[in-house]
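Colleague: pasting the sequence and the predicted model now:
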Amino acid sequence: MYLSIVNVLPLDNYQLQLTFENVEKRKFDMNPYLDFGIFKELKDVSLFNTVHVSFDTIEWENEADLDPELLYRESISM
């Protein structure tokens, strides 16, 4: 079972502050993903900052999204 994301805030240097349904806040580094596929478009900071909660995960205006399990597993506690 995975935890849904209930809030996301874009931070400097392509970092994301994620709040999960258990109220835990975690930081996720997008830098390792920015050289691949649709995520390359997120190097444009204005597009990166369009991140929002969509259903149980996050999504950008270009329709890029990430699995909430990956986001939890690869993020660090704040």
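Modeller: Ah, there it is.
Colleague: grab the nearest non-local neighbour of Glu69.
Modeller: Nearest residue to Glu69 in three dimensions, chain neighbours excluded: Tyr2, at 4.5 Å (CB to CB, 6 or more residues apart in numbering). For glycine as for every other residue, the C-beta is placed from the backbone atoms N, C-alpha and C.
Colleague: from Phe39, how far off is the one you found?
Modeller: 21 Å (CB to CB, to the nearest Å).
Colleague: more neighbours, the two?
Modeller: Phe39 (18 against 15; other CB atoms under 10 Å).
Colleague: so what's that one up against?
Modeller: When the contact criterion is CB atoms under 8 Å, 6 or more residues apart in numbering, the partners of Phe39 are Met30, Tyr33, Ala64.
Colleague: how about a cut-off of 10 Å?
Modeller: Counting by CB atoms under 10 Å, 6 or more residues apart in numbering, Phe39 touches Tyr14, Met30, Pro32, Tyr33, Phe48, Trp60, Asn62, Ala64, Leu66.
Colleague: now Glu59
Modeller: Counted by CB under 10 Å, 6+ apart, Glu59 has contacts Val8, Thr50, Val51, His52, Val53, Asp65, Leu66.
Colleague: residues contacting the helix ranked longest in the chain, please?
Modeller: When the chain is parsed with DSSP state H, its longest helix is helix 68-74. Contact with helix 68-74 is made by 1-5, 8, 16, 18, 20-22, 24, 26, 28-29, 32-33, 55-58, 65-67, as judged by CB under 10 Å, 6+ apart.
Colleague: so which of those sit within helices?
Modeller: Nothing among the contacts of helix 68-74 maps onto helices, per DSSP H.
Colleague: now, of those, which are buried?
Modeller: Leu3, Ile5, Val8, Leu16, Leu18, Phe20, Arg26, Phe28, Tyr33, Thr57, Ile58, Leu66 (16 or more other CB atoms under 10 Å).
Colleague: and the strands in this protein?
Modeller: Under the criterion DSSP state E, the chain carries strands at the ranges 5-11, 15-20, 25-29, 52-54, 57-59, 65-66, 76-77.
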